[in-house]
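**Student:** Need coordinates for the following:
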Amino acid sequence: MRYGDKVAVDGLSLEVARGSVTAVLGPNGAGKTTTLETCEGYRKPQSGSVRVLGLDPQRDRRDLLPRIGVMLQSGGAWSGVRAREMLDHVARLHAHPLDTGMLSDRLGLDDCGSTPYRRLSGGQQQRLGLAMALVGRPELLFVDEPTAGMDPAARRTTWELLEEIRADGVTVVLTTHHLDEAERLADTVHIIDRGRLIASGTPAELTRGGRSATIRLVVTRPFPDGAPESLRIALGEGTEVRQLDAVSMLISGPADSTTLSTVSRWCEEHDVLPESLSLGQRTLEDVFLELTGRELEP
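**Tutor:** Model (predicted):
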């Protein structure tokens, strides 16, 4: 897909397994929204092919739409409509909808059911959007930023609901800027950048990286020039040191009782003041920064 001279999706190829939760992650402008809108049938690919539930989203749109649910990042309801009215309206568009009272109760919409959409908080609008996407009993659910603006309790409830519908056999395709959300929910993660797929795997596969241990070093001010190579030499053969940003580095490789003391000694010798020094497995955020060189920002 191109927009003028800009290539938004560049030979991207990926699959989503039935009955799974798949997260599609990427920096702003990576092409993930265009990719999902193509799968949902809103955009026609300029080259290549797309199949969703075995159907062409363009040619077979009439057959596909009743089988999928789409939760938009924002919008999807009229400004003045009341929340419960909107959900009931969407339910009437489907042959065998879920009970709207049950959905409202589960997603905490009962208290705002008579509130006009424009007066709902961001989190309430997201919960209504999820209810609208689920009410038609979809086989495949596309969710874009499902917990944006939600408080911690509502966020946890949404996670539990998405896990339940996966257990019922519904396939979920998720985009999110919360990497802990992807790490918690996703069976498979696809990371894309500049329109291309750059990594795929389970969260455990992506964070493991084949190393026995990882250390994350965060300091109070930017590292001096040449810091990664200097620290690698201090730690010895078999260790990889990667600078994630101006004030954090990830150290991967064999670790023993002297590793942390070596890092601490290196900081002292190079006038570097650690803010935190943690030993453990990489997070999905670490992997994302390594692969793209950019943070995932809303």
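
**Student:** Tell me where this protein is predicted with low confidence.
**Tutor:** Residues of the chain that meet the criterion pLDDT under 70 lie in 209-213, 257, 281-282, 294-298.

**Student:** cutoff 50 now
**Tutor:** Scanning the chain for pLDDT under 50 picks out the ranges 210-211.

**Student:** Could you look up the SS state of residue 243?
**Tutor:** strand (DSSP: H, G, I helix; E, B strand; the rest coil).

**Student:** how close does the residue positioned nearest the centre of the chain sit to residue 158?
**Tutor:** By C-alpha atoms, centre = their mean, the chain has its centre lying nearest to residue 176, at 3.2 Å. Separation of residue 176 from residue 158 (C-beta to C-beta, to the nearest Å) stands at 11 Å. For the C-beta atoms, the positions are set from N, CA and C on the backbone; glycine is no exception.

**Student:** what do those two both touch?
**Tutor:** 146, 147 (C-beta atoms under 8 Å, 6 or more residues apart in numbering).

**Student:** For the residue nearest to the centre of the chain, give me its contacts.
**Tutor:** Here residue 176 is in contact with 23, 25, 145, 146, 147, 182 (C-beta under 8 Å, 6+ apart).

**Student:** right, and the pair among those residues with maximum separation?
**Tutor:** 25 and 147 (14.8 Å; C-beta to C-beta).

**Student:** all helices for the stretch 101-250 of the chain, in order.
**Tutor:** Per DSSP state H, counting those that start in this stretch, the stretch 101-250 of the chain carries helices over the ranges 122-134, 152-167, 179-185, 203-208, 227-235.

**Student:** Go through those and name the closest to residue 278.
**Tutor:** helix 203-208 (13.9 Å).

**Student:** For the closest one, buried residues please.
**Tutor:** 203, 206, 207 (16 or more other C-beta atoms under 10 Å).

**Student:** Residues touching stretch 206-223, excluding its own?
**Tutor:** By C-beta under 8 Å, 6+ apart, stretch 206-223 touches 183, 189, 191, 199, 240, 243, 246-255, 259-260, 263, 267, 272-284, 286-287.
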